[in-house]
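>>> A structural model of the following input is requested.
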Amino acid sequence: MEHAFCPRFTYFQLVLGIQQREEKRGTVIAGRELHRRHSTTNRNYIIAGVTGKKFVEAYMYSEKLQLSGKIDEAIETADEIIIIERKYSDYVNVGETLKTQLGLLALLAEENFNKRVKRAIVIFQKKHRVKIRVNITEKTKSFALKVLQNTRSVIQTGIMPRSKQDNRCINCCYRKLCPPNRLKNQVTN
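Reported below is the predicted structural model:
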């Protein structure tokens, strides 16, 4: 997922072994509290319009993909698994990072539950609560697998990949280490 955000996350974290120290960030702490609260309270609550068996914090492993992950919540219906993912944010965007996460979780769920994942519900919640329904298609899963393949390629080669260098760099934990950012800072300081 982080590779989809920026491929240099993979390089700094998994090649060089530099931790991102996300536990020091206020939004990360608040997001973890949101997940903890939802995983311990109303464990049987199911979103309106969906019926089935609910799973909370379902840990999964794929032998085929050599990948593990955790779904915040999932609803098992008669013919599918519906993924429910919670995000501590008022910025409602289903971009490449979230599509990668949903695609990989769908692949894990399909292998572990032996049922198709056709859709996901993403709940963005900080000051406001916004619920977005996302169709999980073969294209979504193929995109996620391509990101996974690219992640593994960076790890195997040990070569620093190019980055997009956009507004995401402002809040990146590696911004002081990332060469283009470091050079920019040297010029302006």
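>>> now the helices: where do they sit in this protein?
Counting by DSSP state H, the chain has helices at residues 2-5, 7-10, 26-40, 96-113, 138-157, 179-188.
>>> list the contacts for residue 11?
Contacts were defined as CB atoms under 8 Å, 6 or more residues apart in numbering; by that measure residue 11 touches 154, 159-161. In this view, the C-beta of every residue, glycine as well, is placed from N, C-alpha and C.
>>> Against residue 109, how distant is the closest residue to residue 134 other than its chain neighbours?
Leaving out its chain neighbours, the residue that sits closest to residue 134 by CB to CB, 6 or more residues apart in numbering is residue 120, at 4.7 Å. Distance of residue 120 to residue 109, given as CB to CB, to the nearest Å: 10 Å.
>>> Mutual contacts of these two, please.
Listed as contacting both residue 120 and residue 109 by CB under 8 Å, 6+ apart are residue 83.
>>> which two from the contacts of residue 11 end up farthest apart in space?
Among the contacts of residue 11, the pair separated by the greatest distance (CB to CB) is 154 and 160, at 8.1 Å.
>>> Find the residues that touch each one of the two.
Among the neighbours of residue 154, those also in contact with residue 160 (CB under 8 Å, 6+ apart) are 11, 15.
>>> ok, the two, which is more surrounded?
Per other CB atoms under 10 Å, whichever of residue 154 and residue 160 has more neighbours is residue 154, with 19 against 16.
>>> right, and the more buried one touches residue 15 too?
Yes - taking CB atoms under 8 Å as the definition, residue 154 is a contact partner of residue 15 at 6.6 Å.
>>> which residues sit in contact with residue 121?
Neighbouring residues of residue 121 by CB under 8 Å, 6+ apart: 47, 82-85, 131-134.
>>> Report the separation between it and residue 147.
The value you get for residue 121 to residue 147, if CB to CB is used, is 22 Å.
>>> Residue 155 too?
Residue 155 is 13 Å from residue 147, by CB to CB.
>>> Compare neighbour counts for the two and give me the winner.
Comparing residue 155 with residue 147 by other CB under 10 Å, the one with more neighbours is residue 147, at 23 against 14.
>>> so where is this structure shaky, pLDDT-wise?
21-46, 48, 180-189 (pLDDT under 70).
>>> rerun that using 50 as the cut-off
Across the chain, the ranges flagged by pLDDT under 50 are 181-189.
>>> what's the burial count for the spatially closest residue to residue 4 that is not a sequence neighbour?
Nearest residue to residue 4 in three dimensions, chain neighbours excluded: residue 100, at 3.9 Å (CB to CB, 6+ apart). As a burial measure, residue 100 scores 23 neighbours (other CB under 10 Å).
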